[in-house]
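Peer 1: model the structure of this input:
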Amino acid sequence: MDRSDAPIGRGRAGHGGESVAPSQRQRIGAALGELVGRARRFGRRRRGLITVVGSLATAAVLAWALSGRRQEFAHALRAAAWWVLGATVLLQIGALVSRSEAWHLTIRAAGGTVARRVLYRASSMQVVGSVINGQLGVAARIAALRHSSPEVTPQVPTLITAEVPILSAEAALAVLASFTLVAPLGLPWWLPLIGVPVIAAASAGLRHLALRKGRQLWRGLAVLRSRRGGSLVAGFVVLAVLCQIFRNWLLLHAVGVDASFLDAIAVLIAVVTLGQLPVGPSVGAAAAVLILGRDGVAAAAAAGVLMTATGTVGGLCFAGWAGADQLWLRSRLSSHD
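Peer 2: Okay, here's the model as predicted:
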């Protein structure tokens, strides 16, 4: 038979005239791609259910770890002085204000003319959403800002990318301080060094994108076009992070954990990392036990619980100010009418 008469679609012929089947590697790759796609679709459809299940599972693991240590846990909670709890609430408010000011800088550089008080009120909505999930908190404050001041606020794509300079500064700080995780987690000493060139390349890439013009998406990076703007954003992010670190350090010592400042940094990195997972309000206790559980599970868990509690109270105070400020503004407008 002539080669041109060979059946179409049979592929190359092997020994004995038999066609060669698709490689095993291609079939495995296609199967994995389909599995990942199904997992993503399931995650989007069942996000609430996954969060509930993850929160319950994390709480169950912590309860198992604390079994037989209830007295130690209760004693550690009672050991925290009231002035320490009050100071940590104020530090949480300070962190929220600093991060909100960084957001205000990125929005103004992107062309937004929204007033600072209006933006702060929108930023307070992140507190409510972050109780469930960090990404939900960001979405809540973007939606609140667009709803309150659509005329003087950039479009949603710009608002989304306006978060990137803040997140990149936080990521850079986390990478530079990731050496604090080496001893608690038993990581290789050289592992944190890998992140340094990655962060450097990412920063250069963001700077390159910030110089682009003409698209709503890149306008959110406009604050990075000037060294002063980027430095101010980084400065407010550093201030917010220092408030969180000092807050962790105070609470760890308040419950009897002999933690260093580096331990407090490691706990903060663990909190932020675990916060991306559906672990719910137990994230503080889980992070503290993961980093400092070797020094006492009960005390570490108590410190984590107090981190979550004081952080929530500080966030609610910030949200309460936003609500009161909104009511005061409405009352002033109605009195002038």
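
Peer 1: which residue packs closest to residue 287, ignoring adjacent ones?
Peer 2: Counting by C-beta to C-beta, 6 or more residues apart in numbering, residue 287 lies nearest to residue 270, which is 3.7 Å off, once chain neighbours are set aside. Any C-beta I mention is one placed from the backbone N, CA and C, and that applies to glycine too.

Peer 1: who's in contact with that neighbour?
Peer 2: 181, 286, 287, 288, 290, 291 (C-beta atoms under 8 Å, 6 or more residues apart in numbering).

Peer 1: okay, residue 333: pLDDT?
Peer 2: Residue 333 is assigned 76 on the pLDDT scale.

Peer 1: hang on, the earlier thing: the contacts of residue 270: which two are farthest apart?
Peer 2: Maximum pairwise distance in the contacts of residue 270, criterion C-beta to C-beta, is 14.7 Å, between 181 and 286.

Peer 1: the two: which is more packed in?
Peer 2: When residue 181 is set against residue 286 and neighbours are counted by other C-beta atoms under 10 Å, the residue ahead is residue 286, at 26 against 22.

Peer 1: pretty sure the more buried one contacts residue 304?
Peer 2: Yes - contact status for residue 286 versus residue 304: in contact at 6.8 Å, counting by C-beta atoms under 8 Å.

Peer 1: now the one helix or strand residue 183 maps to: buried residues?
Peer 2: Element membership for residue 183 (DSSP states H and E) is helix 182-185. Neighbour counts using 16 or more other C-beta atoms under 10 Å place residue 184 of helix 182-185 among the buried residues.

Peer 1: buried ones in the next helix or strand after that helix?
Peer 2: Past helix 182-185, further along toward the C-terminus, the next helix or strand under DSSP H and E is helix 191-210. Within helix 191-210, the residues that qualify as buried by neighbour count (16+ other C-beta under 10 Å) are 192, 195, 199, 202, 203, 206, 209, 210.

Peer 1: just how off-centre is helix 191-210 within its chain?
Peer 2: The chain centroid and the centroid of helix 191-210 are separated by 18 Å under C-alpha atoms, centre = their mean, to the nearest Å.

Peer 1: what mean pLDDT does that helix have?
Peer 2: Per-residue pLDDT over helix 191-210 has a mean of 86.

Peer 1: what lies in contact with it?
Peer 2: Outside of helix 191-210, the residues within contact range by C-beta under 8 Å, 6+ apart are 164-165, 168, 171-172, 175-176, 178-179, 181-182, 218, 221-225.

Peer 1: among those, which ones are in strands?
Peer 2: With strands defined by DSSP state E, no entry of those lies inside them.
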